[in-house]
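Q: how would this look folded up:
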Amino acid sequence: MDDQSAIPDIQMEQPRHKIDVDAVGVKDIIYPIEVEDRENKRQNTVAKISMLVELPDHFRGTHMSRFIEILHCYQQEFSLVNIDKLLHQIKQELQAAKAEIIINFPYFMKKAAPVSKVKSIMDYPCVFYGIDNGTEQQDFILEVNVPVITLCPCSKEISERGAHNQRAVVKIQVRYREFIWIEELIELAEANSSSPVYSLLKRSDEKYITEHAYDHPCFVEDVVRSVSVKLLEDERVTWFKVECESFESIHNHSAYAVIERDRRSAKVEDIK
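A: You can find the predicted model right below:
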């Protein structure tokens, strides 16, 4: 029998410098997870997981192995819907006032091209942040990164032929009081850009997308404003942050815009 009591616990010693450590733990664990899928109910994917706690000044170190042990306890049922239980257990077993988890994962969607309807798989980088700091309400943020096309309205207006366009990324982060599908945020970003992006296109699709983007020019400012208005109208959302970065095709830099609002103190008129 493995007698742990006979082995000294160095982590519990007094540190030489009595200073609180804001966050300590394990980072970038590759782990299988399950997420909610609007079409298929469940989707299995692989995540990079970081788990952290706040370390008080009277502990020399935290028990790194316990993070992994707790994570393995949820191996058969690890999903975003039970993160609250995992955070609470981390906080209890590591005697911490605050526990945090960061889950980076790709979310996959089957997507049909606009004209040919040929289907392919798109991946969308997502992040889930969870914090338990001992208050009654835990804090959760869902982040979705959506590739889109932006076509410059200024270029279209001043050019005799064509307009420059480029791939951009819309990052949407939300706090919510009721469940929100990842697909909803993806669709919101795509609907408020010049055009969605696809992984597989035929010539008829390329023609359609090129012309559709030309008919729907938008600055990064337009994108974040349009998305923000829709999020303010959605009563499930309590807070959001919308960013758009456009990887400019005629400049050696990116164009960038961001809007962050707490729905409790913001109104649609603030953005309109």
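Q: quick one: mean pLDDT for the strand ranked longest in the chain?
A: If you go by DSSP state E, the chain has its longest strand at strand 21-37. Looking at strand 21-37 alone, the average pLDDT works out to 91.
Q: what packs against that strand?
A: Applying 3 or more CB pairs under 8 Å, 6 or more residues apart in numbering; DSSP states H and E, one finds that strand 21-37 contacts strand 41-55, helix 64-73, strand 99-112. Where C-beta positions appear, they are placed from N, C-alpha and C, glycine not excepted.
Q: between the first one and strand 99-112, how big is the angle?
A: Looking back up the chat, that one is strand 41-55. For strand 41-55 against strand 99-112, the angle by axes from the mean of the first three to the mean of the last three CA atoms, to 10 degrees is 160 degrees.
Q: list of residues touching strand 41-55?
A: The list of residues contacting strand 41-55 from outside it, by CB atoms under 8 Å, 6 or more residues apart in numbering, reads 20-37, 61-62, 67, 70-71, 79, 90-91, 94, 96-108.
Q: need the nearest residue in space to Leu87, chain neighbours excluded.
A: Excluding the flanking residues, the one nearest Leu87 by CB to CB, 6 or more residues apart in numbering is Asp132, at 3.9 Å.
Q: list the contacts of the one you found.
A: Asp84, Leu87, His88, Ile90, Lys91, Lys98, Ala99, Glu100, Gln138, Asp139.
Q: how near is it to Asn145?
A: Counting by CB to CB, to the nearest Å, the gap from Asp132 to Asn145 is 25 Å.
Q: show me the strands in this structure, by range?
A: 21-37, 41-55, 99-112, 119-132, 139-151, 165-176, 195-196, 237-247, 254-262.
Q: dump the first one to PDB, restricted to CA.
A: Yep, that's strand 21-37 we're talking about. Output of strand 21-37 as PDB, limited to C-alpha atoms (Å, rounded to 0.1, in the frame of the first residue of the first chain):
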ATOM      1  CA  VAL A  21       0.400  34.100  -6.000                       C
ATOM      2  CA  ASP A  22      -2.400  35.300  -8.200                       C
ATOM      3  CA  ALA A  23      -2.600  32.100 -10.300                       C
ATOM      4  CA  VAL A  24      -0.700  28.800 -10.300                       C
ATOM      5  CA  GLY A  25      -1.500  25.400 -11.800                       C
ATOM      6  CA  VAL A  26      -1.200  23.300 -15.000                       C
ATOM      7  CA  LYS A  27      -1.400  24.600 -18.500                       C
ATOM      8  CA  ASP A  28      -2.200  23.200 -22.000                       C
ATOM      9  CA  ILE A  29      -3.300  19.700 -21.000                       C
ATOM     10  CA  ILE A  30      -4.500  17.900 -24.200                       C
ATOM     11  CA  TYR A  31      -7.800  16.300 -23.300                       C
ATOM     12  CA  PRO A  32     -10.900  14.900 -25.000                       C
ATOM     13  CA  ILE A  33     -14.100  16.800 -24.200                       C
ATOM     14  CA  GLU A  34     -17.700  16.800 -25.300                       C
ATOM     15  CA  VAL A  35     -19.600  19.900 -26.300                       C
ATOM     16  CA  GLU A  36     -23.300  20.700 -27.100                       C
ATOM     17  CA  ASP A  37     -24.000  20.400 -30.800                       C
END
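Q: wait, Thr150 touches Phe219, no?
A: Yes - applying CB atoms under 8 Å as the test, Thr150 and Phe219 come out as touching, 7.4 Å apart.
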